[in-house]
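Q: Sequence first, then the predicted structure, then my questions.
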Amino acid sequence: AQTVTQSQPEMSVQEAETVTLSCTYDTSESDYYLFWYKQPPSRQMILVIRQEAYKQQNATENRFSVNFQKAAKSFSLKISDSQLGDAAMYFCAYVGGGADGLTFGKGTHLIIQP
Amino acid sequence: EAQVTQNPRYLITVTGKKLTVTCSQNMNHEYMSWYRQDPGLGLRQIYYSMNVEVTDKGDVPEGYKVSRKEKRNFPLILESPSPNQTSLYFCASSSPGTGRTDTQYFGPGTRLTVL
């Protein structure tokens, strides 16, 4: 079974600074997707960014980018120019080649210091 | 607006009283799924459906039922709720490519408390 590990239960960053959230995963599959979801206090699950495993290029979405290291099974999220609205729980998630759902990490609570 | 809706958003009930949480999506997605979120455990899949009349168990299916009679709807049924089913529930949908799941879009969540 696949597992997703987020080793940082909580991270804190100053507003306008850059922060990186870590995620590692374990799988024997070669074709899969990886995601970062944001969960603000409203509890809504919001897709931040998605990476397809067969793509070498790291995904970017405005201030959000990933560092995808397939051989190392690592998928970190970098948030540049952190804003107060970025404060939330961030979940790393994996989905493989079948009909199974997402496998989530346990989350990282990101605090933005004004 | 493309969205996944859930009702109710909040529910307090008592042990043993049957309840249904509805989920509906307007994106014509084939794949729908239910998750529960508990502190320190992340989200775990309860049931999923690849299409109408096709459902299967996820990681934590005990105590739950689902049905998929229409493409847009995927209700979650708790026949005899117990306190250990107190949780935050999410419905999600996606349009799978080549028979696999893809990006999943989540509903707003249903906070269930079973006394």
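A: Good, I have the coordinates.

Q: Show me where chain A has its strands.
A: Using DSSP state E, the strands of chain A run over residues A:3-5, A:10-14, A:19-21, A:24-26, A:33-39, A:46-52, A:60-61, A:64-69, A:74-79, A:88-95, A:103-104, A:108-113.

Q: Out of those, which is closest to chain B?
A: Proximity to chain B (Cβ to the nearest Cβ) singles out strand A:103-104 among the strands of chain A, at 4.0 Å. C-beta coordinates here come from the backbone N, C-alpha and C atoms, glycine included.

Q: Quick check: neighbours of the closest one in the sheet, parallel or antiparallel?
A: strand A:88-95 (antiparallel) (DSSP bridges).

Q: mean confidence score for the partner strand?
A: On average, the pLDDT along strand A:88-95 is 95.

Q: do the same with stretch B:68-84
A: 97.

Q: Please apply the same query to stretch A:11-18.
A: Rounded mean pLDDT across stretch A:11-18 is 97.

Q: what does stretch A:29-47 give?
A: 93.

Q: That stretch near chain B at all?
A: Yes: using Cβ under 8 Å from any Cβ of the partner chain, stretch A:29-47 reaches chain B at A:33, A:35, A:37, A:42-47.

Q: hmm, which of those are the buried ones?
A: Taking 16 or more other Cβ atoms under 10 Å in any protein chain shown as the criterion, what is buried in those is A:33, A:35, A:37, A:43, A:45.

Q: and stretch B:106-115, how far from the chain's centre?
A: Relative to its parent chain, stretch B:106-115 has a centroid offset of 10 Å by Cα atoms, centre = their mean, to the nearest Å.

Q: buried ones in that stretch?
A: Within stretch B:106-115, the residues scored as buried using 16+ other Cβ under 10 Å are B:106-110, B:112, B:114.

Q: so does that stretch get close to chain A?
A: Yes: on the criterion Cβ under 8 Å from any Cβ, stretch B:106-115 is in touch with chain A at B:106, B:108-109, B:111.

Q: center of the chain - which residue?
A: No chain in the question, so chain A it is. residue A:36 (3.3 Å; Cα atoms, centre = their mean).

Q: my bad, the chain I had in mind was chain B
A: Note: chain B centre (Cα atoms, centre = their mean) maps to residue B:34, 2.7 Å.

Q: For chain A, what lies in contact range of chain B?
A: Proximity of chain A to chain B is confined to A:33, A:35, A:37, A:42-47, A:50, A:91, A:95-102, A:104-107 under the rule Cβ under 8 Å from any Cβ.

Q: show me the contacts for residue B:69.
A: B:52-53 (Cβ atoms under 8 Å, 6 or more residues apart in numbering or on different chains).

Q: So it: helix, strand or coil?
A: coil (DSSP: H, G, I helix; E, B strand; the rest coil).

Q: What distance do you get for it to residue B:60?
A: Counting by Cβ to Cβ, to the nearest Å, the separation of residue B:69 from residue B:60 is 23 Å.
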